[in-house]
Each structure stands twice: as C-alpha cells, then as structure tokens.
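A.B. asks: 3D, please:
(chains A and B)
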Number of protein chains: 2
Amino acid sequence: MAPSFAINGGFPGTRITPPSDTGRFAAVYSEVQNSRIDHALPLPSVLKNPFVIVDGPQSTAAGNPDEIAKLFPNLFGQPSASLVPSDSAPLHVNRKLKLGVVLSGGQAPGGHNVISGIFDYLQDKAEGSTLYGFRGGPAGIMKCKYVELTSEYIYPYRNQGGFDMIRSGRDKIETPEQFKQAEETVQKLDLDGLVVIGGDDSNTNACLLAEHFRSKNMKTRVIGCPKTIDGDLKCKEVPTSFGFDTACKIYAEMIGNVMIDARSTGKYYHFVRLMGRAASHITLECALQTHPNITIIGEEVAKIETEKMLIQMVETELEKRKQQGTYKGGFKGQSHFFGYEGRCGLPTNFDSSYCYALGYGAAALLQFGKTGLISSVANLCAPVEEWTVGGTALTSLMDVERRHGKFKPVIKKAMVELDGAPFLKFASLRDEWALKNRYISPGPIQFTGPGSDAISQTLLLELDAQA
Amino acid sequence: MAPSFAINGGFPGTRITPPSDTGRFAAVYSEVQNSRIDHALPLPSVLKNPFVIVDGPQSTAAGNPDEIAKLFPNLFGQPSASLVPSDSAPLHVNRKLKLGVVLSGGQAPGGHNVISGIFDYLQDKAEGSTLYGFRGGPAGIMKCKYVELTSEYIYPYRNQGGFDMIRSGRDKIETPEQFKQAEETVQKLDLDGLVVIGGDDSNTNACLLAEHFRSKNMKTRVIGCPKTIDGDLKCKEVPTSFGFDTACKIYAEMIGNVMIDARSTGKYYHFVRLMGRAASHITLECALQTHPNITIIGEEVAKIETEKMLIQMVETELEKRKQQGTYKGGFKGQSHFFGYEGRCGLPTNFDSSYCYALGYGAAALLQFGKTGLISSVANLCAPVEEWTVGGTALTSLMDVERRHGKFKPVIKKAMVELDGAPFLKFASLRDEWALKNRYISPGPIQFTGPGSDAISQTLLLELDAQA
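C.D. replies: Predicted structure coming up:
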C-alpha cells in the first residue's frame, strides 16, 4: 500500500485571506509559477492604440424574442459593439472609473488574468480609477464584502491558476431583496461598472442586473465574461469560454500518459471519466487530442452512469462470452476520473492572453458606457495582435424556459453539435482509432517552445469551418 | 454526469508490434512529442572523449558477505569501475559487439533513452555492432523473442515515455530450467553482453545471470540499470533510479493544481494517494515540492489503508465532535489516486539525459568486458558534462533473506531514511505547512525555459548532505 497525503482544503468560514496569508508571494512559488508572473502578455493591437466603439445592427434573441423583450424592456434589441482603431483618443478616455469585479461559479484557469486585464486597462486608459474585487462570488456583492485591488495585491496572481485572489461562490442574485442588496452595494461604492466573470447562468444574472440598474436609472453598467472549463458557453461572437483550453490540455496529458502505459503493458484497459456537466466538449476535445479507442459523447448516446459501471458491464459481458466459449482472454479495468486536477492549472499561453484581452476589453466597454454585453474576443486563430475585441448583447444569446409557470431567461448551453466540425472530424476517425492504436500523447503544457502556442482542436476546427 | 472514455489497454496476447503498427511514427505525434524526438542530449564529457576503465578496491556486501560470497563465488568481491579520461583510445574500442537489452517490471519514464544510449554507444564506439531488444521482458529472453534494434526502429522512441519499444514484463528467470533457456538464447544470438533495465529484483536477477554465465565460462556479460519510479533502488554510487524525477513532477503538478482548487473554493478537503510500493520516496518528494498540510510517510507511521478510509475516519471523528458540541463546521472529502498517470509521461530533461548516460555507460562497461555491475552515473547536481560514469558491483549492494529455508540474495530496498536530509527538511517544515497554507504549485513539466533543468528535491538534498 502506498503512503497517503491529506491536503487541507482551506478553512471553511474563512472565505478570503489577504495574499500574505495565503502564501501567494513569490518566495513560495515554484520556478515555473515564478516565471509566469512576469510573462509579458500580448494585447490585440486594437487595444494598444486609440480606438472607438462602433455599434452593430439591432439584435434579437436566440429564441422567443417577445418574451425576452418583456423580461428586458430596457436592454432587448441593443446592438453588439466592436472596438475599432481611431486616429485620436475619444472623449471618454481618461475619465476616472470605479469598477467592481466578481468571480462566479467553478474555477477555470485564467480568471486571475481577466481581473489583471481590467486592472491594467484602468491603469493604462483611466488613471486614478479604482477596482474592487467582491469576495466569495455574488454573495460578496450582496453582503458588500470586497477588497480594493491594487497593483501589489494583483501582482502575485498574474498568469496563475485558481480563483483565490478574491475567491468565487455559487450564490445567485435572484430575489427582489437580493437585487436590492446588490443595488445598495454598487451605490455605496459608487460603481460605474461591474464585471461578472462566470458561466451561462452567471451571465444571465449579469444581464438581469444590468437591466435592473438601467431600469432604476443607475449609472452602474454590467459586463459579463465567458468562463467555464466545460466549454458550453460559446457562440459565433464568443468562440470559446476561457479555461477550456488549459483544462483539456491537462486532462489530455494524463490520458496520453495512460495510453502509453496501456500500450507498454498490454495488461489493463483504462476507463477515463472527465469533468463536465451536460455538454461533452471536454471529452470531444480530449479525444481529438489523444485518439482513444472508444469515446462516448453524451450528446450522441444515452449517458452511461460511471466509468466503474462501464468496467462492470464489460466484465459481465466477457464472463457471459467465456461461458459460451466465444471469449478466452482476460480483462483488467482501471478507472480514472480527471476533474479537479484541471480547474486550477497554470493557464496556457492561450488562456492567459485570451483572458487578459477579455478583461481589458470588458473595462473598455464599461468606460464607453456599455451595459448588458458579454466581452467578446474573436479571430482567435490569428496572432493575438489580430484578435478582434468587442461586446455581444447578452439578450441576443437568450431564450426562455418555463419554470414554475413563469418564463425565465436562459443562455442556452452550447452542446456538442453532431453536425459540427469537431464532432464530424472525430466521427470520421473513430473507427480507425477503435481498431488501430492511434494514441497521441500531448505531453505537459509548455509555456515556451514547441506546442506552447497551440490552441484547442475544437476551436481550430470550428473557426476553420466558419472561415 | 460527465461523458466517459474507454481506452483500450492494448491487445493481450499481441505483446509487441512493429513501430508502424503501434502508431509510433512522427505523423501521429503531438507537437511536444515531436519536438522531443530530435532533442539533442548532452553527454558526460568522459563519454565524449577517449576513456579507460579504472577498477576500485575490492568490494564486499551490504550484509552477510559470507553468504553472498557463497551465492556468487565468481563475482563476489569484484571492484567497482570508473570511466576516466584517457589520452588515447584503448585497445578494446572498435571491436564489434552483439548486445541484448531487456526492460523488466513496471514502466518508468526514460527506459527508451537507456536503449538509445546503448545503441548510440555502439554506433559511436563499436561500429558494425548489433543490438537486440528482448520482447516483453525477461520472458523474451527465455523464449528467444527479440527484435534487432536499428536506427530507424529506435528513432520514434527517442526521449519518449513508455516501454512500448520492446515492452516489459514481470516474469523472472529463476529455475534451473529458465537459466538454461536464457543460456541457450544468449548463445544462439552469440551475445557479448546483456543490459537488464529494472528495479531491485531485476538487478538481483541480472547479477545471478552474470554469475551463471561466468560460471559456465560463457562470454556473455550482464550489466544492470537502475529503474523504478518508486525511487527505492539507490545508494551512494547510484544516487537515484530513473523515472522518479518525471513521475514525481507529474504527480506534484496534479497535487499543486488540486491545492489551488482547495484554496480557491474552501469547500473540499482533498486526500491524495500516490503510487509506490513499500517506500515513500514519491510521497516525500511530492511533499517537498508542494507543501501539503498533512503528509503521511509510511516509514514513520503505520500505514493507513486508503485515502477513502482516511476520509471516513475524519468524518467519523467530526461527527463525534459535533455530538459533543466541540465542532460546528462542515467537511467534504475528495479522494484522488495518482499512479498510472505518471509511469509513462514524457521524460524530463533530467531523466532523458540521465537514462541516456546510463545506457551509454552500460554499453561501455560491456565493451570493456565488465559483468555483474550496475551502471552508475553520479555527481548529478553538476552540469551533465561533469557527471561521473562507471559501474558498481551488484554483489556489493546485496544482503540475504531467508525464504523457504534458503538464503536468497536481495538488493535491499532503499526506504525513506528518517535521519536523511530529505525527511529532516520535511520534518522541519511540516508544522508550518499544517497550519499555514504554504502550498506550492510546481506546474507542468517544462522542456525549455525556467524549471526545465531542475532536479528532484530529494536528490538535491541527499547530494548536498553528502557533499
């Protein structure tokens, strides 16, 4: 029996501690963590030079526009926005801002970089501004728990994984009383804007807040940022959610290692379950990166309970075949679950740069008075300098669901499209993978040298198909 | 529920397939794998220039020298050997050799590099030589299953993880009949030498084979190489076993990620079990790399059953305290087992270079007619150029154990020494780690840039203590 480790999962109740207590100072960083702190991030060139914001055409909703219009009377139909180069700095620039930022839901690599991006935008384009970080997720807004984010406070978290700079939480701002609390907080802090970093639900909530503040003629604007390792918050304007790239690469490294183990011993059959809620983007991406013999995509087949049950099913079937005399071999299954290991990895170069641009762009949208948009960075196959930056009307991503007899706005989860380029690529190769071992081992994430700037295959295939 | 993966663990019965079938050609390699193939390995300078082999003093045994002398009448007491620079090439050089190589036991990152090292030595110093790889471990020797290793055959495996070039196996050459089979094989192939890449048992077996061949006046020499991710095959002359560095770094990456997850949510307590049989070197190394709150070293305390049982024990204790009114908090445990994920990772720069030198040195020892030695590369804290190369008498590492009334030679497993530098360092820090979160996240293994040439902390501390 191997010796064991017990790792303390933090102290429940003590939801946030200042950096000096959390050990987030360079002296206890690993060499790789240290090297990442000072990694200079490229910015899309539109953000490096004077720009203006150009509105697109009126928008509608992903479904039931009449209901969405009723739910968002002030915001429905508003155009999306694009940042475009301008010869001269617009009037808005250099106005001091007071902004807040909140992390909502499960961790995804790159969250700290979104915050750094917001902060650096304020330093670069609105000197003298203030950025507050709400602690412990949306509850921090409701309870007015926050910290002022300074250059020194943010520094140790630059390009680092985790959400521990201000922590996250899963509370929702839902009831009229909770909206009132949020209202009081942003008024107390005199906020010009709020950035909500979260998944589909959190961005829906961000839009409801934006609508609420607008309906009360408050000055506080709200911008969302697309966060989820699951990859199920995406659309044409938001080609991917952040964290997906890093998490998939971590899982794919482990899967690749296990595959070589399998090929070396010929002894075990490995069954791997991956993190993910409804959508199977992570599984599809990892399959494209590693070429397993069999991959089960939940959108295509009814979902199997667990990797352990799969092993039992194979054992039962082979036992039956043995008794029938049709099978003679052995079978040893090994189960794996890769989940928590990927949510807080050091962000890849892609996630680092992407998140930084998302945050920088979100602050720009707020400075220009935009609200109810989700920060949108696109053209992601091109070099970072050529990425486009803007905001997409959150109402345009929405549909309604009927819950308890009422219409609730929802941003529909982007599932794996069975006629989409990534799935079709997978489907065209899986028969070959099943019989011939075409395993690929992606190896560990690299920050310099070969492979360090590769983007996820899902994203590449989707963008290729759109081009 | 997340979608699942099923990965085929190879086809039992088809123990080896040529590279074109296993997918081991560059076209299906990941970018990082590809970049590693052509990674130029540094060699200790003694191996790059003309050298001679100098014998040390007579050796004895680690314990019970009289019994070891009886078990190894031909080999007991033989000196260890060191390669030292020489002004002119010795006579032996350029003699064509026929060598065999076998992988024995569980995979460890770097095994392919040992084989590359042997092969390249023959190319460089004994042109026209032949290298056979025995397939599927020691069984390949007994059944005379082998493949001739050519430049083309070896190429795709350079600096790659896994043992799939010739696969490994756990069979042992033990009975008189099995020794006879091995004898027939090496005679049939006219072998000048055999390199056995394995752990403590396999190296003991290598020495028994060396003794057997010597006792029969056969020309076949046998050299061992220290392989095991467990790190329990080491001594002053063999400062570490290969694979330990890579495997620990992979586990430490995952532990570091989980730690940041814990710090970000404050929701879960993570319990991690690590691979390892008797010795806890992996756990100690990972603790030194990551600073968990609690670490259980098997050599210090009676071993706990599993990480899941640990969680249950904590739950039971906290339930008791709740009923007594002394505890109010919650507790959510998450269990992890990191094992198979680390055995076949892409070897670190250290393991790549170390293994290459071990193999290159093993071939040199065989060319100079040495037998019953374990390839020994030392001075590992210095740049590779300054590493020392030689061979250590396997009998000098041995003691005897009484099994079924007979003395059996064994190389004693190197356990974690409770008065050794790595454990003392850990012990001096663990109280601080327990209460303050001093987590370190090592991040993914890097092949270039910061952190890429770091060696394991265990090795560093042990070598520092010896200096």
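A.B. asks: What distance do you get for the spatially closest residue to A:Ala81 that is not a sequence neighbour to chain B?
C.D. replies: Spatially, and ignoring its direct neighbours in sequence, A:Ala81 is nearest to A:Gly391 (4.5 Å; Cβ to Cβ, 6 or more residues apart in numbering or on different chains). Every residue, glycine included, has its C-beta placed from N, CA and C. Separation of A:Gly391 from chain B (Cβ to the nearest Cβ, to the nearest Å) stands at 27 Å.
A.B. asks: what's A:Gly391 in contact with, if anything?
C.D. replies: A:80-81, A:223, A:361-362, A:365, A:370, A:373-376 (Cβ atoms under 8 Å, 6 or more residues apart in numbering or on different chains).
A.B. asks: just for chain A, where's the confidence low?
C.D. replies: A:1-27, A:89-94, A:304-305 (pLDDT under 70).
A.B. asks: hmm, back to that, show me the contacts of A:Gly391 that map onto helices.
C.D. replies: A:361-362, A:365 (DSSP state H).
A.B. asks: which one of those residues is nearest A:Pro57?
C.D. replies: A:Leu365 (17.7 Å; Cβ to Cβ).
A.B. asks: I'd assumed A:Ser375 was in contact with the closest one.
C.D. replies: Yes - A:Leu365 is in contact with A:Ser375 according to Cβ atoms under 8 Å; the separation is 6.6 Å.
A.B. asks: Overlap in contacts, the two.
C.D. replies: A:223, A:391.
A.B. asks: State whether the residue nearest to A:Ala81 is indeed within a strand.
C.D. replies: Yes - checked against DSSP: H, G, I helix; E, B strand; the rest coil, A:Gly391 lies within a strand.
A.B. asks: Bridged to it, which residues?
C.D. replies: A:Ala81, A:Ser375 (DSSP bridges).
A.B. asks: need the longest helix for chain A.
C.D. replies: helix A:244-265.
A.B. asks: Could you check the angle that helix makes with helix B:244-265?
C.D. replies: Relative orientation of helix A:244-265 versus helix B:244-265 (axes from the mean of the first three to the mean of the last three Cα atoms, to 10 degrees): 150 degrees.
A.B. asks: Please give the centre-to-centre distance between helix A:244-265 and its chain.
C.D. replies: Counting by Cα atoms, centre = their mean, to the nearest Å, helix A:244-265 is centred 21 Å from the centre of its parent chain.
A.B. asks: what's the answer for stretch A:432-449, then?
C.D. replies: 23 Å.
A.B. asks: in it, what's buried?
C.D. replies: Residues of stretch A:432-449 classed as buried: A:433, A:437-448 (neighbour count, 16 or more other Cβ atoms under 10 Å in any protein chain shown).
A.B. asks: likewise stretch A:127-141?
C.D. replies: A:129-141.
A.B. asks: quick one: which of these sit in strands?
C.D. replies: A:130-134 (DSSP state E).
A.B. asks: which of those lies closest to B:Gln123?
C.D. replies: A:Gly133 (60.0 Å).
A.B. asks: ok, now how distant is the closest one from chain B?
C.D. replies: A:Gly133 is 13 Å from chain B, by Cβ to the nearest Cβ.
A.B. asks: Is the nearest residue in space to that residue that is not next to it in sequence part of a helix or strand, or is it coil?
C.D. replies: Of all residues not flanking A:Gly133 in the chain, A:Ile166 sits nearest, at 3.8 Å (Cβ to Cβ, 6+ apart). Following three-state DSSP, the label given to A:Ile166 is coil.
A.B. asks: what's A:Ile166 in contact with, if anything?
C.D. replies: A:Ile166 neighbours (Cβ under 8 Å, 6+ apart): A:16, A:101-103, A:115, A:133-136, A:140, A:147, A:149.
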